[in-house]
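A.B. asks: Provided below are the primary sequence and the corresponding predicted coordinates.
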Amino acid sequence: MNPLFVGIDVSSKNNVTYLMKPDGTKHSSFSVQNNLGGAKLMSEKIVSALEAMQLSGVVIGLEATSIYGDGLVCALREDGRLGRYQRKIHVLNPKQVKKFKDSYPDLPKNDWVDAFVIADHLRFGRIGKEVYMDDHRYKSLQTLTRARFDVVQNLTREKQHFANYLFLKCSGIAQDKDIANSSATTIALMERFETVDELAYADLDELTRFIDETGRNFADPAAKAKAIQAAARNSYRLPVTV
């Protein structure tokens, strides 16, 4: 099969497209909006090129660019007119495309050139099968697991930031293994008491009630209040301006 090669440089707003003939020469290039209407227009232009050159197949490639190419891939796969032709759609690793582009040291960096490089990579590259999953359940799972990973990473980072600031304000609490750095009680204490001395010498009964109300799960809030005050008294005293 001598297919048409289609390289697409994807962005959040536009998809720059390069259509390459089987011999490596240019058929056309154009830019369409990254939306359903743009995808339909791209498909029409691809089909028109296939009909004009009497080709029976097309190989389409785009870089994996966050989530910006997902809708386009789905639209191209489900397009009825394009479905009459033998087609393959490759979602390529950006590192793979970059390494191929390194063989063209004199090329400038812009979207039009990148679309050409992707098309040329499809023509020369040994890509055995479509780099895309037919079963969309896997895509859903991929999206959810990546979202969860990002949330966990962000939460871990923010907890570390809070622990650092907690050490500045009340080093003893930050060091005490029996006092959770990022618990609701610790956060409430830092908001309630402006300085470490206010916490260290607060009325014990009032502090106990405050801890009982904010924590609600301490077996002995009075003992916890004493431990917190002891940690506060052993903390560094920073200048008021700090």
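C.D. replies: Structure's in. What do you need? Numbers count the residues shown, from 1 in each chain.
A.B. asks: Could you chop this structure up by domain?
C.D. replies: Residue ranges for the domains of the chain, per automatic domain parsing: 4-132, 156-233.
A.B. asks: Indicate which one of these is closest to residue 146.
C.D. replies: domain 4-132 (9.5 Å; C-beta to C-beta). All C-beta spots, glycine's among them, are computed from the backbone N, C-alpha and C.
A.B. asks: ok, residue 239 to residue 50 distance?
C.D. replies: 74 Å (C-beta to C-beta, to the nearest Å).
A.B. asks: Could you check which of these two has the larger neighbour count?
C.D. replies: residue 50 (22 against 5; other C-beta atoms under 10 Å).
A.B. asks: Is it correct that the more buried one is in contact with residue 2?
C.D. replies: No: counting by C-beta atoms under 8 Å, residue 2 is not a contact partner of residue 50; they are 11.2 Å apart.
A.B. asks: The lowest-mean-pLDDT helix or strand in the chain: which residues count as buried?
C.D. replies: None of the helices or strands of the chain scores lower by mean pLDDT, DSSP states H and E than helix 94-101, at a mean of 84. By neighbour count with 16 or more other C-beta atoms under 10 Å, helix 94-101 contains the buried residues 96-97, 100-101.
A.B. asks: Same check on stretch 107-121?
C.D. replies: 111-121.
A.B. asks: and which of the residues you listed is nearest to residue 57?
C.D. replies: residue 119 (14.3 Å).
A.B. asks: Give me the local confidence score for residue 22.
C.D. replies: Note for residue 22: predicted pLDDT of 95.
A.B. asks: What of the one 3 residues further on?
C.D. replies: Listed pLDDT for residue 25 reads 95.
A.B. asks: Count the neighbours of it for me.
C.D. replies: Neighbour number of residue 25 under other C-beta under 10 Å is 7.
A.B. asks: Same check on residue 8?
C.D. replies: Neighbour number of residue 8 under other C-beta under 10 Å is 26.
A.B. asks: Hmm, it is touching residue 14, no?
C.D. replies: No: Residue 8 is beyond contact range of residue 14, at 10.3 Å (criterion: C-beta under 8 Å).
A.B. asks: Looking at the buried residues of stretch 107-121, which are in helices?
C.D. replies: 111-121 (DSSP state H).
A.B. asks: The residue nearest the centre of the chain and residue 12, how far apart?
C.D. replies: The centre of the chain sits closest to residue 66, judged by C-alpha atoms, centre = their mean, with a distance of 6.3 Å. Going from residue 66 to residue 12 by C-beta to C-beta gives 8 Å.
A.B. asks: What of residue 178?
C.D. replies: With distances taken as C-beta to C-beta, residue 178 is found 48 Å from residue 12.
A.B. asks: before we move on, what about residue 75?
C.D. replies: Distance of residue 75 to residue 12, computed by C-beta to C-beta: 16 Å.
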